[in-house]
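*Asks:* Here is my input, please return the structure:
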Amino acid sequence: MGNPQNRAVVARGPRQGWLAALQDRTVLASLAWDLGLLLLFVGQHSLMATEAVKAWTSQHFGVLQRSVYVACTALALQLVMRNWEAVPSGPVLWEARAEPWATWVPLLCFVLHVISWLLIFSTLLVFDYAELMGLKQVYYHVLGLGEPLALKSPRALRLFSHLRHPVCVELLTVLWVVPTLGTDRLLLALLLTLYLGLAHGLDQQDLRYLQAQLQRKLHLLSRPQDTDQE
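*Replies:* Residues are numbered from 1 along each chain as shown. Presented below is the predicted three-dimensional model:
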């Protein structure tokens, strides 16, 4: 982490222009630190998803392979969040300060964030949250049902091969749609947009499958309510 005294100076100082920020060692040090944290997270998230590492973790942890991956991802994400250095004195790409933008832009961002998180929740329903967390694998192993992925349909396996992250668009909305886009937030949004974009390859067939699965899950959730009304 950077020097706390330096961070205090940055927090009190006025915002700089882009050219001045590129010549400010304090700003560059904070951005370099944040970039290192992001690369740590991206490296962990990608490296542990490779077939070689998955084979190694499966050999040593067995059915807990997915759970170990999720735990390591959560640990890397915690390191990013707890050690992130803001750059309040750096330049901003945009900022809603004048009225009526200072009132309406934050409200619009809030609404879009709520919609994005609702879409993330609906996507988790499609992708089976218990399986994403590695819980279903343990449950199936205890019951002797085998690997859940082996029971997936060819359409589901095709989807998984095209999609690195199930909530790409929604996360990008949360990253970019903000009233003020400062220097460190811009770094975060740019790097994760590049990372998610390179791993995103859905086509129309995948989208139709996702829509059908969401409708099926919502129908299953509505069944108890229908039964009570009858």
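
*Asks:* Now do the spatially most central residue of the chain against Val105, distance only.
*Replies:* Compute the mean C-alpha point of the chain, and by CA atoms, centre = their mean the closest residue is Leu171, 5.6 Å away. In this structure, Leu171 and Val105 are 20 Å apart, going by CB to CB, to the nearest Å. (C-beta placed from N, C-alpha, C; glycine too.)

*Asks:* before we move on, the earlier item: apart from its neighbours in sequence, what residue is nearest the residue nearest to the centre of the chain?
*Replies:* Leaving aside its sequence neighbours, Leu171 sits nearest to Leu196 (CB to CB, 6 or more residues apart in numbering; 6.7 Å).

*Asks:* Quickly find the element holding that neighbour.
*Replies:* If you go by DSSP states H and E, Leu196 is part of helix 183-198.

*Asks:* ditto for Ser122
*Replies:* Here Ser122 is assigned to helix 101-127, by DSSP H and E.

*Asks:* avg pLDDT for that helix?
*Replies:* Averaged across helix 101-127, the pLDDT comes to 87.

*Asks:* Now find how far off-centre stretch 86-98 is within its chain.
*Replies:* Relative to its chain's centre, stretch 86-98 lies at 23 Å (CA atoms, centre = their mean, to the nearest Å).

*Asks:* first to last residue in that stretch, what's the distance?
*Replies:* End-to-end span of stretch 86-98 (CA to CA, to the nearest Å): 23 Å.

*Asks:* these two touch, right, Trp176 and Ala189?
*Replies:* Yes - using CB atoms under 8 Å, Trp176 is in contact with Ala189, at 5.3 Å.

*Asks:* just to revisit the earlier point, how many neighbouring residues does the residue nearest to Leu171 have?
*Replies:* A count of nearby residues for Leu196, using other CB atoms under 10 Å, gives 17.

*Asks:* My read is that it contacts Thr173, right?
*Replies:* No - if you go by CB under 8 Å, Leu196 and Thr173 don't touch, sitting 11.5 Å apart.

*Asks:* how about the strands in the protein?
*Replies:* Secondary structure of the chain by DSSP state E: the strands cover 92-95, 180-182.

*Asks:* possible to save the ones you listed as JSON lines with mean pLDDT, mean neighbour count and distance to Leu79?
*Replies:* As requested, the strands of the chain are exported to JSON lines (pLDDT from 0 to 100; neighbours: other CB atoms under 10 Å; distance: least, CB to CB, whole Å):
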{"stretch": "strand 92-95", "mean pLDDT": "89", "mean neighbour count": "15", "distance to Leu79": "26"}
{"stretch": "strand 180-182", "mean pLDDT": "92", "mean neighbour count": "17", "distance to Leu79": "21"}
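
*Asks:* I'd like those written out as CSV, with distance to Trp101 added.
*Replies:* Formatted as CSV, the strands of the chain follow (distance: least, CB to CB, whole Å):
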stretch, distance to Trp101
strand 92-95, 9
strand 180-182, 11
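
*Asks:* May I ask which helix or strand of this structure has the lowest mean pLDDT?
*Replies:* helix 4-12 (a mean of 41; mean pLDDT, DSSP states H and E).
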